[in-house]
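[1] got a sequence here, can you build the structure:
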Amino acid sequence: MPTLNINGKDLAVNADESTPILWALRDTLGMTGTKFGCGAALCGACTVHLNGAPIRSCITPISAAAGQKITTIEAVATDRVGKAVQDAWVKHDVAQCGYCQSGQVMSATALLKSNAKPSDADIDGAMAGNICRCGTYVRIRAAIKDAAQTLA
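    Numbering: from 1, shown residues only. This is a model prediction of the structure:
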């Protein structure tokens with residue numbers, strides 16, 4: 001039985017090592033904050049962090065995460081960057097239907113951890129793989145800029 005470090009805890013995962021991280025999180029561990037969108041790494045709804053970098057958990061097998069640290073939306077606000085992003089999301093009323101937002105928050109948090117003062121082009125590049133069917137992109141950009149300013 002594989003063990004994964006998820007949100008700072010070593011958790012035994014009763015699943016085959018080829019199982020995508022998404023399904024280990026949702027079906028095996030009951031962590032439903034990470035969403036299934038497309039299953040082909042195209043929409044970003046399933047974004048989690050692997051050692052701080054955003055990955056698509058729908059196509060990444062749990063074997064690829066052995067010995068590494070996974071952070072999910074459930075724990076992203078435990079550090080100041082994730083908390084600032086989530087606070088900005090609420091302040092700017094980003095979520096409409098909300099389905100894609102956990103992936104959006106995870107990508108935005110990874111961006112601000114690697115680039116404290118992102119330009120519009122930086123934001124576009126970091127967020128390009130996250131699709132919002134409700135079209136909240138203007139509010140997403142405003143929230144990212146607000147979070148960056150809060151963190152400065």
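[2] wait, isn't residue 105 in contact with residue 76?
    Yes - in this structure, residue 105 is within contact of residue 76 by CB atoms under 8 Å, at 6.2 Å. In short, each C-beta sits where N, CA and C put it, glycine included.
[3] between the two, which has more neighbouring residues?
    Using other CB atoms under 10 Å, the more surrounded residue of residue 105 and residue 76 is residue 105, with 26 against 23.
[4] state the helix or strand in which residue 95 lies.
    For residue 95, there is no enclosing helix or strand under DSSP states H and E.
[5] list the contacts of it.
    Residues near residue 95 by CB atoms under 8 Å, 6 or more residues apart in numbering: 89, 101, 136.
[6] show the pLDDT at the second one.
    Note for residue 101: predicted pLDDT of 96.
[7] so what sits against both of residue 105 and residue 76?
    82, 85, 86.
[8] okay, and the last one sits in which element?
    Secondary structure from DSSP H and E places residue 86 in helix 80-91.
[9] OK, contacts around the residue nearest to residue 146 when sequence neighbours are not counted?
    Nearest non-adjacent residue to residue 146, counting by CB to CB, 6 or more residues apart in numbering: residue 88, 4.3 Å away. Residues in contact with residue 88 (CB under 8 Å, 6+ apart) are 94, 143, 144, 146, 147, 150.
[10] do that again at 6 Å, thanks
    143, 146, 147 (CB atoms under 6 Å, 6 or more residues apart in numbering).
[11] and it, how far from residue 149?
    With the distance defined as CB to CB, to the nearest Å, residue 88 ends up 9 Å from residue 149.
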